[in-house]
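> Build me a model from this:
(one chain, ligands or ions: 3)
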Amino acid sequence: MSSQYKHLLEPLDLGFTTLKNRALMGSMHTGLEDKARDFPKLAAYFAERARGGVGLMVTGGFAPNVEGWLSPFGSKLSKQSEVKRHLQVTKAVHDEGGKICLQILHAGRYGYSPLCVSASKIKSPISPFKPRALRSKGVYRTIKDYANSASLAQQAGYDGVEIMGSEGYFINQFLVTHTNKRTDEWGGSFENRMRLPVEIVKSVREKVGTNFIIIYRLSMLDLIEQGSTWEEVVQLGKAIEAAGATIINTGIGWHEARVPTIATSVPRAAFSWVTGRMQDHVSIPVVATNRINDPQVAEDVIARGDADMVSMARPFLADSDIINKAKAGKPESINTCIGCNQACLDHIFKGKRSTCLVNPRACYETELNFSPTATPKRVAVVGAGPAGLSAATVLAERGHSVDLFDKASEIGGQFNIAKKIPGKEEFYETLRYYGNKIETTGVNLKLSEEVDAATLINAGYDEVILATGIRPRELSIEGANHEKVLSYIDVVQNEKPVGNRVAIIGAGGIGFDVAEFLTHQDTTANSDIAQFNKKWGIDSEYKDRGAYGHADPQAPARQVTMLQRKKGKMGAGLGKTTGWIHRRSLKMKRVQMIRGVEYTKIDDRGLYFSIDGREAQVIECDNVVVCAGQVSRKDLLQELDNAGVVTHLIGGSKLAGELDAKRAIREGFELAASI
Ligand code: FAD
Ligand code: NAP
Ligand code: SF4
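Numbers count the residues shown, from 1 in each chain. Ligands and ions are numbered 1, 2, ... in the order given. Predicted coordinates for the structure are as follows:
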């Protein structure tokens with residue numbers, strides 16, 4: 001066992017049971033919780049993670065009653081008849097030597113349902129339904145429902161429950177005056193407002209007895225105006241301990257908070273300091289969370305005394321085996337979560353099953369599998385971007401002989417551009433992972449080799465996979481070749497000099513990233529937690545309620561204007577859970593956004609455009625950077641087809657529209673699993 005992670009891998013004795021290490025797989029809604037027919041898939045998903053060595057897991061949230069639904073007919077555990085389906089999950093986990101708690105989540109006013117209830121009748125800014133204010137007897141009934149749900153979880157074989165008391169859900173809504181305007185015994189003083197969670201924990205403990213884990217997820221940082229003070233958080237933490245909780249987990253930020261808390265631009269372990277503050281006030285184990293995506297980061301959090309355990313959620317989607325790999329001293333083989341949210345949270349918000357951009361098998365454990373090939377082939381994969389890397393490594397793992405070509409001197413394709421964007425440094429990790437995978441699977445890597453069709457035909461491969469990606473779309477307006485015009489590749493990858501005044505043509509994902517790149521002060525490392533807190537107004541001294549103070553971003557490095565032809569919202573195609581962060585960040589950097597334009601020309605003065613056919617305007621600028629989308633690069637296809645070579649297209653070379661790394665990696669995986 002690796003001594004590198006001795007704190008992380010140390011068992012945790014809870015008195016009546018012992019966790020084999022300090023890693024908690026945090027609660028994630030996967031979309032498999034809602035229907036009984038999906039439970040075999042859910043069981044396989046958890047079993048794989050239990051096999052991966054994690055100390056304790058928490059399910060996605062289950063409502064204790066219909067009023068607490070996240071969405072109509074969503075996950076709920078309130079009836080005896082709902083127990084049976086869970087037995088599959090608990091058995092599968094226990095058979096693999098794991099432990100699992102069920103999360104009880106009452107959505108309160110975040111419920112996407114007309115039946116939703118809350119402390120008071122105040123609509124949340126992120127939900128269309130105005131909640132009904134619960135009467136006092138309704139509150140007592142809800143407490144009973146929590147206890148009932150916990151008892152059913154116990155009957156279903158769970159090792160415990162987690163009571164979700166953070167992220168702005170029902171319990172949080174009682175805690176702060178922002179959402180609790182009551183005048184009865186559940187409102188007014190903090191003692192009254194915190195009565196609900198304390199009574200819930202007490203009644204759950206009474207119902208389940210002593211030998212059952214109760215985790216309470218405590219909102220340590222609300223990050224909203226009129227959130228809890230630090231003194232209130234501590235008072236609640238102590239009361240929760242006294243009420244019978246076994247473990248206190250950390251919650252960071254209400255969902256309506258305008259501060260990023262888990263996106264890739266959040267520095268690693270950016271919030272463990274607040275869990276560290278709680279350590280001194282309670283004697284039960286506390287868990288740090290958010291953007292802990294690597295065993296070394298986890299180890300450091302525990303070693304410096306910020307927490308007894310760490311919660312990692314999405315990292316277990318990206319790699320079910322992190323803990324085993326850490327134990328074996330092989331961190332270089334971990335497929336690291338890059339914090340993109342593209343396939344996990346963004347899917348959930350669209351009502352789709354969650355998965356992972358870097359691991360398409362996540363939540364598809366029973367469906368997306370491959371086995372060793374019975375008929376090994378010689379396969380050429382052209383292009384070592386995400387699509388080619390995914391295909392080549394799966395093919396080699398299955399026993400095919402694979403030559404992987406790239407004309408560049410390093411693997412990664414466009415990820416080598418993406419990783420240079422401030423806040424996207426995690427993309428390096430995916431390339432490290434694939435670099436390691438190429439070595440361990442025996443892919444024959446041929447860098448700095450631009451292959452042509454003749455070479456591939458003459459080499460006599462059984463099959464060829466073209467993963468040759470894209471070309472940036474070129475402009476066809478007057479002055480498109482003016483010396484001040486640069487492509488995003490010139491700017492980010494080739495680091496060509498850029499002047500102080502810049503116009504960016506195109507406001508897709510790349511336009512936004514380039515604007516971030518150009519406005520970022522070179523001196524700021526994105527891992528700088530103090531700088532992150534300053535930018536977003538996080539008050540690490542906790543002087544203000546909710547630890548939410550005055551945002552103080554750095555001055556922009558350049559004056560940037562972004563333009564698009566569409567009249568709709570700028571960045572409309574960005575991720576549901578991250579688009580607002582990109583927009584807000586650029587607003588702070590005073591980036592001008594102009595939509596509905598028609599470009600007319602570029603000359604020494606700058607970029608000319610008109611809106612609705614009116615007189616042309618000009619943006620005077622030193623450079624125009626083109627981020628106008630991409631077109632497929634499938635140059636070799638025709639010749640290979642003509643020669644009768646079995647040829648496949650994946651990723652950008654197949655289709656440039658709507659391309660992202662999620663699709664590229666998944667296509668590579670699926671094709672390679674089928675050859
Ligand atoms: P590519 O990554 O383009 O790789 C193609 C490879 O083929 C290249 O390495 C090229 O050198 C090689 N090649 C081409 N022709 C030949 C030849 N004849 N011989 C040898 N080699 C050849 N996607 C996301 O999902 N999330 C993001 O946050 C994100 N951010 C991005 C930020 C930026 C700044 C950029 C530029 C892209 C970003 N993307 C993002 C897009 C993502 O990187 C692409 O969707 C993905 O890389 C496409 O993968 P691919 O393998 O199809 O093609
Ligand atoms: P994109 O998202 O399709 O955006 C292209 C932009 O160019 C649009 O703003 C479009 O707006 C404009 N455009 C299209 N044709 C044009 C033309 N002929 N002349 C001028 N402008 C034109 O593509 P992208 O920004 O190049 O990104 C490529 C892919 O990488 C995307 O599909 C995306 O998924 C992925 N990516 C994702 C992220 C992320 O954070 N998830 C980040 C970066 C990249 P108008 O047509 O309105 O002008
Ligand atoms: Fe992490 Fe992105 Fe995968 Fe979600 S989709 S688990 S954020 S890498």
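> what does the stretch 251-400 of the chain put close to ligand 2?
Contact residues (Cβ under 6 Å from any ligand atom) of the stretch 251-400 of the chain with ligand 2: residue 342. To be clear about C-beta, it is placed using only N, CA and C from the backbone, and glycine gets the same treatment.
> how much space between the residue of the stretch 251-400 of the chain found nearest ligand 1 and ligand 2?
Of all residues in the stretch 251-400 of the chain, residue 385 sits closest to ligand 1, with a separation of 2.2 Å (Cβ to the nearest ligand atom). The gap separating residue 385 from ligand 2 is 11 Å, by Cβ to the nearest ligand atom, to the nearest Å.
> Is the closest residue to that residue other than its chain neighbours in a helix, a strand, or coil?
Sequence neighbours aside, residue 413 is the residue nearest to residue 385 in space, at 2.2 Å (criterion: Cβ to Cβ, 6 or more residues apart in numbering). Following DSSP: H, G, I helix; E, B strand; the rest coil, residue 413 is assigned to coil.
> Partner strands of the longest strand anywhere in the chain, with direction?
In the chain, taking DSSP state E as the definition, the longest strand is strand 213-221. Strand pairing for strand 213-221, using DSSP bridges, gives strand 160-165 (parallel), strand 247-252 (parallel).
> what comes into contact with the following helix or strand past it?
Downstream of strand 213-221, the first helix or strand assigned by DSSP states H and E is helix 230-243. Applying Cβ atoms under 8 Å, 6 or more residues apart in numbering, the external contacts of helix 230-243 come out as 165, 175, 190, 194, 197-199, 201-202, 205, 216, 218-220, 228, 248, 277-278, 281-284, 542, 547.
> can we see that at 6 Å?
For helix 230-243, the surrounding residues in contact (Cβ atoms under 6 Å, 6 or more residues apart in numbering) are 190, 194, 198, 201-202, 216, 218, 220, 248, 278, 281-282, 284, 542.
> and the longest helix anywhere in the chain, what other elements does it pack with?
Longest among the helix segments of the chain by residue count, using DSSP state H, is helix 136-155. Helices and strands touching helix 136-155, as assessed by 3 or more Cβ pairs under 6 Å, 6 or more residues apart in numbering; DSSP states H and E, comprise strand 100-104, helix 195-208.
> Tell me what angle the shortest one forms with strand 247-252.
For strand 100-104 and strand 247-252, the angle between their directions (axes from the mean of the first three to the mean of the last three Cα atoms, to 10 degrees) works out to 50 degrees.
> Please apply the same query to the longest one.
With the same axes, to 10 degrees as the criterion, the two stretches helix 195-208 and strand 247-252 enclose an angle of 150 degrees.
> Just the mean pLDDT for helix 195-208, thanks.
Taken as a whole, helix 195-208 carries a mean pLDDT of 98.
> Which strands and helices lie in contact with it?
Looks like helix 195-208 contacts helix 136-155, helix 230-243 (3+ Cβ pairs under 6 Å, 6+ apart).
> Which residues belonging to that helix are considered buried?
Within helix 195-208, the residues that qualify as buried are 195-205, 207-208, counting by 16 or more other Cβ atoms under 10 Å.
> ok, back up a step: looking at the helices and strands packed on helix 195-208, which is nearest to residue 57?
Nearest of these to residue 57, taken as Cβ to Cβ: helix 136-155 at 13.3 Å.
> Quick check: buried residues in that closest one?
The neighbour-count check on helix 136-155 (16+ other Cβ under 10 Å) flags 139, 142-143, 145-154 as buried.
> Repeat that for stretch 279-297.
279, 282, 284-295, 297.
> Could you confirm whether that stretch reaches ligand 3?
No - shown here: stretch 279-297 not in contact with ligand 3 (Cβ under 6 Å from any ligand atom), separated by at least 7.6 Å.
> again, but for stretch 255-271
No - Stretch 255-271 lies out of reach of ligand 3 by Cβ under 6 Å from any ligand atom, never closer than 7.3 Å.
> Is ligand 1 within reach of that stretch?
No - using Cβ under 6 Å from any ligand atom, stretch 255-271 stays clear of ligand 1, coming no nearer than 7.9 Å.
> Off-centre distance for that stretch?
10 Å (Cα atoms, centre = their mean, to the nearest Å).
> For it, list the C-alpha coordinates in PDB.
What follows is stretch 255-271 as a C-alpha-only set of coordinates in PDB (Å, rounded to 0.1, in the frame of the first residue of the first chain):
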ATOM      1  CA  HIS A 255     -27.700  26.600  -5.800                       C
ATOM      2  CA  GLU A 256     -28.900  30.200  -6.400                       C
ATOM      3  CA  ALA A 257     -25.500  31.600  -5.300                       C
ATOM      4  CA  ARG A 258     -23.800  33.600  -8.000                       C
ATOM      5  CA  VAL A 259     -20.400  32.200  -7.000                       C
ATOM      6  CA  PRO A 260     -18.900  29.100  -8.800                       C
ATOM      7  CA  THR A 261     -18.400  26.300  -6.300                       C
ATOM      8  CA  ILE A 262     -17.500  23.200  -8.400                       C
ATOM      9  CA  ALA A 263     -16.700  24.300 -11.900                       C
ATOM     10  CA  THR A 264     -13.200  23.700 -13.300                       C
ATOM     11  CA  SER A 265     -12.200  27.300 -12.800                       C
ATOM     12  CA  VAL A 266     -12.600  26.800  -9.000                       C
ATOM     13  CA  PRO A 267      -9.200  26.100  -7.500                       C
ATOM     14  CA  ARG A 268      -8.700  22.600  -6.100                       C
ATOM     15  CA  ALA A 269      -9.800  22.300  -2.500                       C
ATOM     16  CA  ALA A 270     -10.800  26.000  -2.500                       C
ATOM     17  CA  PHE A 271     -13.200  25.500   0.300                       C
END
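> re earlier: phi first, then psi, for the residue of the stretch 251-400 of the chain closest to ligand 1.
phi -80, psi -170 (degrees, to the nearest 10).
> Which residues of the protein lie near ligand 2?
Proximity of the chain to ligand 2 is confined to 342, 473, 475, 505-511, 513, 564-566, 573-575, 627-630, 658-660 under the rule Cβ under 6 Å from any ligand atom.
> so what are the domain limits for the protein?
Domain segmentation of the chain under automatic domain parsing yields 3-349, 378-471+632-674, 474-521+556-628.
> Out of those, the one nearest residue 360 is which?
Evaluated over these, closeness to residue 360 peaks at domain 378-471+632-674, with 4.2 Å, by Cβ to Cβ.
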